[in-house]
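Q: Quick one: sequence plus predicted model below, questions after.
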Amino acid sequence: MRRDDLIAMIPHALKSVDVAGLGDKTSGKVRDIFTLNDDRRLLVATDRVSAFDRVLGYIPYRGQVLNQLSLWWFEQLADIIQHHIITSPDVNVSVVRTAQPLPIEMIVRGYITGVTNTSMWTMYAAGDRAPYGVPLPDGLQKNDRLPRPAITPTTKAADGGHDERIMPIEIIERGIASAALWAQIERVALALFERGQQIADSAGLVLVDTKYEFGLIDGELALIDEVHTPDSSRYWLKESLTSGDAPDHYDKEYLRLWFAAQGYRGEGTPPPMPDDFIADVAERYINVYERLTGRAFEPGTTPFAERIRKHIERWTNE
């Protein structure tokens, strides 16, 4: 899409959804969620973008890119694990099966990187040879590929809280998952990450690290939430690794770094994002979608309520 078209769409970004006829609504940081019945939820991916545990603004088409890309990834990973998607009747919408979410997030890391005090690289550079409990050899440099992907699970924080690292033994001892279920989760997470890295590599991207969320559907493990998107994963442009410069981010880290450069890290009022920067972020998200899927991004441009009105009766009465 042309830069001018993206800038023109900024005032029309999908900020929130209120549509008569849908079920009870709850809102996460970046999604609006409607309860259709005991077995189904309707997820609307908005254009809200969050970082530092805050909603910082709106990126046009962000919701469409992430929703459609997740759907594509679920198809690529369906032979590894079942997922919660039932259908997607609109570019911003997924209807999903209700799952019992597990209160942990699986962070899988393929590279040693980061700039914060708690990043794996910062801890390693300070002499910690087992950051997050992951034994590492001497001699690694920043942004090196790890000898093997590392899993560093965290708690899934309540609203307004921060995720906290949790060791596998604690997951089992607290009864969050049995030893057998935890072993399954580890196997599945590594298999998903391997598939993701292979596909990203063929698309000229590097899947650096990612977050997986799992739940139980009818007692069986399922992949839920979104998967391998520029919000849930860190992507580098592969060609940027050969130039000797810092990796070029095609993910939400690009936005975080901009805010950090303005001196903002989550406290107080965030600085407003300039239109050119907003369009730049949107272009990078769209680029990831097009590289991975091989499809041209074709946005739905009519107002959300108009697009879904014809579906409401079916969604609520099925």
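A: Good, I have the coordinates. Numbering: from 1, shown residues only.

Q: and Tyr285, how many residues sit next to it?
A: Per other Cβ atoms under 10 Å, the neighbour tally for Tyr285 reads 29. Using the backbone N, CA and C atoms, a C-beta is placed for each residue, glycine as well.

Q: which intervals of the stretch 201-318 of the chain have sub-threshold pLDDT?
A: Of all residues in the stretch 201-318 of the chain, those with pLDDT under 70 make up the ranges 243-245, 315-318.

Q: quick one: the strands in it?
A: With DSSP state E, counting those that start in this stretch, the ranges of strands along the stretch 201-318 of the chain come out as 205-217, 220-224, 233-237.

Q: Show me which residues of the longest one are buried.
A: In other words, strand 205-217. Counting neighbours by 16 or more other Cβ atoms under 10 Å, one finds that the buried residues in strand 205-217 are Leu205, Val206, Leu207, Val208, Asp209, Thr210, Lys211, Tyr212, Glu213, Phe214, Gly215, Ile217.

Q: Was I right to think Ile308 contacts Pro89?
A: Yes. Shown here, Ile308 and Pro89 form a contact pair, counting by Cβ atoms under 8 Å, at 7.3 Å.

Q: more neighbours, the two?
A: Set side by side, Ile308 and Pro89 show more neighbours around Ile308, with 20 against 16, by other Cβ under 10 Å.

Q: For Thr242, see how far away that one is.
A: The spacing between Ile308 and Thr242, counted by Cβ to Cβ, to the nearest Å, is 45 Å.

Q: quick revisit: among the buried residues of strand 205-217, which two are most distant?
A: Greatest spatial distance in these: Val206 and Ile217, 31.8 Å, computed using Cβ to Cβ.

Q: ok, which stretches of this protein are helices?
A: Under the criterion DSSP state H, helices of the chain are mapped to 3-9, 62-77, 120-125, 168-173, 179-202, 252-261, 275-293, 304-317.

Q: Show me the one of the strands of the stretch 201-318 of the chain that comes nearest Phe74.
A: Comparing these against Phe74 with Cβ to Cβ, the closest turns out to be strand 220-224 (7.1 Å).

Q: Pipe the strands of the stretch 201-318 of the chain into JSON lines and attach distance to Gln82 per row.
A: Rendered in JSON lines, the data for those read as follows (distance: least, Cβ to Cβ, whole Å):
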{"stretch": "strand 205-217", "distance to Gln82": "7"}
{"stretch": "strand 220-224", "distance to Gln82": "5"}
{"stretch": "strand 233-237", "distance to Gln82": "21"}
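
Q: Please name whichever of these is nearest to Leu102.
A: The minimum distance between Leu102 and the strands of the stretch 201-318 of the chain falls on strand 205-217, with 5.1 Å, by Cβ to Cβ.

Q: how big is the angle separating the closest one from helix 179-202?
A: Relative orientation of strand 205-217 with respect to helix 179-202: 150 degrees, computed using axes from the mean of the first three to the mean of the last three Cα atoms, to 10 degrees.

Q: Tell me the strands beside strand 205-217, with direction?
A: Listed by DSSP bridges, the sheet partners of strand 205-217 and their directions read strand 100-111 (antiparallel), strand 220-224 (antiparallel), strand 233-237 (antiparallel).
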